[in-house]
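Trainee: Build me a model from this:
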Amino acid sequence: MGAGRSERTDGEQELLEQRRLKKPPLYRVLLHDDDFTTMDFVVRVLMAVFHHPLDEATRIMLDVHHKGIGLAGVYPHELAETMATKVMEAARAEELPLLCTVEPEDG
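Mentor: Got it, this is the predicted structure:
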């Protein structure tokens, strides 16, 4: 062994491998329907914040409109929260009540 290196036990090495391979938990970013936010605004937000192409953004907007909720995307927690915040800030800047929430993917 070289100077400064310590040996790891098989258990420690296995734990390190598990940590490296474990994927972060994912969160769903959801847009909620309201009576004031325009369909055009929802499409624009889906394209600008989530980088959806026009056809996909339109499909999600129609889910929001017809089902009351639409899945904008699934991301690691910090990214999901950041995107939800961007949506809410854009809506408030336009004085729109669009609600964007984040929930665990498995919940």
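Trainee: what about the residue nearest in space to the middle of the chain, helix or strand, and which?
Mentor: Closest to where the C-alpha atoms of the chain average out (C-alpha atoms, centre = their mean) is Ala80, at 3.1 Å. For Ala80, the element it lies in under DSSP states H and E is helix 77-93.
Trainee: one step back: my guess is the residue nearest to the centre of the chain meets Thr101, correct?
Mentor: No. Under the criterion of C-beta atoms under 8 Å, Ala80 makes no contact with Thr101, lying 9.7 Å away. Where C-beta positions appear, they are placed from N, C-alpha and C, glycine not excepted.
Trainee: Identify the contacts common to these two.
Mentor: Taking C-beta atoms under 8 Å, 6 or more residues apart in numbering as the criterion, Ala80 and Thr101 both touch Val29.
Trainee: thinking again about what came up before, for the residue nearest to the centre of the chain, which residues are in contact?
Mentor: Ala80 touches Leu26, Tyr27, Arg28, Val29, Gly73, Val74, Val102, counting by C-beta under 8 Å, 6+ apart.
Trainee: thinking again about what came up before, need the contact partners of the next helix or strand after the helix holding Ala80.
Mentor: Next helix or strand after helix 77-93 toward the C-terminus (DSSP H and E): strand 99-104. Residues from elsewhere that reach strand 99-104 (C-beta under 8 Å, 6+ apart): 25-32, 34, 72, 77, 80-81, 83-84, 87-88, 91.
Trainee: For this protein, which segments count as strands?
Mentor: Using DSSP state E, the strands of the chain run over residues 26-32, 69-76, 99-104.
Trainee: Dump those to a markdown table, plus mean neighbour count, distance to Leu62 and mean pLDDT.
Mentor: Output for the strands of the chain, formatted as a markdown table (neighbours: other C-beta atoms under 10 Å; distance: least, C-beta to C-beta, whole Å; pLDDT from 0 to 100):
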| stretch | mean neighbour count | distance to Leu62 | mean pLDDT |
| --- | --- | --- | --- |
| strand 26-32 | 20 | 11 | 98 |
| strand 69-76 | 17 | 8 | 98 |
| strand 99-104 | 15 | 17 | 98 |
